[in-house]
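Chemist: Sharing a model prediction with you, sequence too.
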Amino acid sequence: KNQVEQSPQSLIILEGKNCTLQCNYTVSPFSNLRWYKQDTGRGPVSLTIMTFSENTKSNGRYTATLDADTKQSSLHITASQLSDSASYICVVRTDSWGKLQFGAGTQVVVTP
Amino acid sequence: DAGVIQSPRHEVTEMGQEVTLRCKPISGHDYLFWYRQTMMRGLELLIYFNNNVPIDDSGMPEDRFSAKMPNASFSTLKIQPSEPRDSAVYFCATSASGRGAAGELFFGEGSRLTVL
């Protein structure tokens, strides 16, 4: 069973609207959690990192939250743009590089 | 910065042929990872190196896969013989150790492999 579950699997939103992606994890021990954005045909790029003590972090129109008690994270996209169309992958790091746990990703499509 | 450079970007080959994928890491990065991405399984770690030494190759599917890192600026992933189920996008990613790095992976653009 995957230790990092993302929802929804995909979503379609209108340009200018907001959306929220979810990531639930059972990984332990927890070191940090990153959200990556992967454009079609490209490699993933880190958007934000959350450590145990952080609740909220923003990167432009992207805002990530972390609840370490419930082991949940979310990524909120504000005022979506066409360039936000991509797959968003949640990655949780434990105590070693070999134990990075990847979510399956949420495919976001922003339509005009 | 040039970023992580992978070649070839696309490879189409026939079953049974040898495939070699190449990666040039970001200068100064001491960790190098090979991942495979498919629709069914997402991103899977195949092997990673630290200072050119293989640390964990437990993700390598079978003996047909091998990876080398002869120096700090070059790594290869070889599949011999290739099979149709090896069709996937193969990513090389690198990272730098140290407190400031916090484990960010820098991915290349990937090598899309199709085995007919």
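Modeler: Perfect, I can see it now. What you are looking at is a predicted structure, and each value in this text was computed from that prediction instead of being measured. Numbers count the residues shown, from 1 in each chain, chains lettered A, B, ... in the order given.
Chemist: going forward, measure contacts and count neighbours with C-alpha atoms only.
Modeler: OK.
Chemist: Alongside chain A, which residues does chain B contribute?
Modeler: B:41-45, B:48, B:56, B:91, B:104-110 (CA under 8 Å from any CA of the partner chain).
Chemist: Taking these, please make a ChimeraX selection of just the buried ones.
Modeler: Here is the ChimeraX command that selects the buried residues among the residues of chain B next to chain A (16 or more other CA atoms under 10 Å in any protein chain shown):
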select /B:43,44,45,48,56,91,104,105,106,107,108,109,110
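Chemist: Which pair of the residues of chain B next to chain A spans the longest distance?
Modeler: B:56 and B:109 (22.8 Å; CA to CA).
Chemist: For the residue nearest the centre of chain B, give me its contacts.
Modeler: Centrality entry for chain B: nearest residue to the mean C-alpha point is residue B:34, 2.8 Å, by CA atoms, centre = their mean. Counting by CA atoms under 8 Å, 6 or more residues apart in numbering or on different chains, residue B:34 touches B:45, B:46, B:47, B:48, B:77, B:90, B:91, B:92, B:93.
Chemist: Flag the shaky bits of chain A, pLDDT-wise.
Modeler: Along chain A, segments meeting pLDDT under 70 span A:1-2, A:97-98.
Chemist: In strands, which of the residues of chain B next to chain A fall?
Modeler: If you go by DSSP state E, the residues of chain B next to chain A have B:42, B:43, B:44, B:45, B:48, B:56, B:91, B:106, B:107 in strands.
Chemist: quick revisit: mind putting the contacts of residue B:34 in TSV, pLDDT and distance to residue A:41 included?
Modeler: Below are the contacts of residue B:34 laid out as TSV (pLDDT from 0 to 100; distance: CA to CA, whole Å):
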residue	pLDDT	distance to residue A:41
B:45	93	19
B:46	95	20
B:47	95	22
B:48	94	23
B:77	98	20
B:90	98	12
B:91	98	11
B:92	98	14
B:93	95	15
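Chemist: Same list (these) but as TSV, adding distance to residue A:29.
Modeler: Below are the contacts of residue B:34 laid out as TSV (distance: CA to CA, whole Å):
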residue	distance to residue A:29
B:45	19
B:46	22
B:47	21
B:48	20
B:77	31
B:90	28
B:91	26
B:92	26
B:93	23
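Chemist: For residue B:25, report the pLDDT, please.
Modeler: If you check residue B:25, the pLDDT there is 96.
Chemist: tally of neighbours for it?
Modeler: Per other CA atoms under 10 Å in any protein chain shown, the neighbour tally for residue B:25 reads 27.
Chemist: swap in residue B:68?
Modeler: Residue B:68 - counted by other CA under 10 Å - has 17 other residues nearby.
Chemist: Helix or strand for residue A:21, just tell me which one.
Modeler: strand A:19-25 (DSSP states H and E).
Chemist: Tell me which other helices or strands the helix or strand that that strand is followed by touches.
Modeler: Next helix or strand after strand A:19-25 toward the C-terminus (DSSP H and E): strand A:32-38. Other helices and strands packing on strand A:32-38, by 3 or more CA pairs under 8 Å, 6 or more residues apart in numbering or on different chains; DSSP states H and E, are strand A:45-51, strand A:86-93.
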